[in-house]
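Colleague: Quick one: sequence plus predicted model below, questions after.
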Amino acid sequence: MAAKTSTTPTHTTEPLNRLIRLDRLEFRKLLDLYFEALRADWVYHETRQKVGTKAATDQGHAAASAWSACTMSLLLLQDMRTVDPDLRAAVEVLLKTCPGEMPSSGDLMRCGTEMLALANKHKRSGSDVLPLLDEAFCLLEAHHGNQALMSAQQAARSGAA
């Protein structure tokens with residue numbers, strides 16, 4: 001009887017902790033928090049435009065809390081030793097867009113350009129970082145659009161008053 005030889009290559013499996021890269025998971029969480037902060041800002045703006053002061057105060061507190069959670073997540077990633085260099089650069093860009101930095105429209109546009117350049121570095125590589133950087137770019141674009149719309153609405157209200 002012939003010896004049974006395996007035709008299936010025997011690759012060792014990659015350890016689970018390499019598959020679950022903490023920096024990617026934390027960055028994914030950060031993007032969710034950034035989205036929540038943008039949404040809370042918008043809800044606060046809309047509430048302030050349409051409803052009374054008490055409701056606007058509550059929504060303002062919710063927006064501040066959402067931005068605080070986002071900023072804390074950014075600072076956590078900034079302090080991690082094992083963060084991918086491009087994710088670290090993205091964290092630095094996103095930190096510039098937090099309310100404590102009071103980003104202008106031009107600042108948000110520059111940050112969006114920086115984030116797009118980071119993402120473009122990974123376009124042909126198929127890197128697992130690319131989707132995260134693309135989403136970060138989209139969130140920056142949404143932030144810029146929200147800020148522009150809120151400013152236009154406030155200017156229109158001020159002009160009508």
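Modeller: That came in fine, so what should we check first?

Colleague: Of all the residues in the longest helix along the chain, which ones are buried?
Modeller: With DSSP state H setting the assignment, residue counts place helix 130-160 as the longest helix in the chain. By neighbour count on 16 or more other CB atoms under 10 Å, the buried set for helix 130-160 is 130, 132-137, 139-140, 142-144, 146-147, 150. All C-beta spots, glycine's among them, are computed from the backbone N, C-alpha and C.

Colleague: among the residues you listed, which two are most distant?
Modeller: Using CB to CB, the pair of the buried residues of helix 130-160 lying farthest apart is Leu130 and Met150, separated by 30.3 Å.

Colleague: Now do the same for Ser151: its pLDDT.
Modeller: On the pLDDT scale, Ser151 is placed at 89.

Colleague: any weak-confidence spans in this protein?
Modeller: 1-19, 160-161 (pLDDT under 70).

Colleague: again, only using 90
Modeller: 1-21, 48-56, 99-102, 124-127, 151-161 (pLDDT under 90).

Colleague: List the contacts of the nearest residue to Met115 once chain neighbours are set aside.
Modeller: Using CB to CB, 6 or more residues apart in numbering and skipping the chain neighbours, the partner closest in space to Met115 is Phe137 (4.4 Å). Contacts for Phe137 (CB atoms under 8 Å, 6 or more residues apart in numbering) come out as 112, 115-116, 119.

Colleague: Quick check: phi and psi on the residue nearest to Pro103 when sequence neighbours are not counted?
Modeller: Sequence neighbours aside, Thr97 is the residue nearest to Pro103 in space, at 4.9 Å (criterion: CB to CB, 6+ apart). Dihedral angles of Thr97 (phi, psi; degrees, to the nearest 10) stand at phi -100, psi 0.
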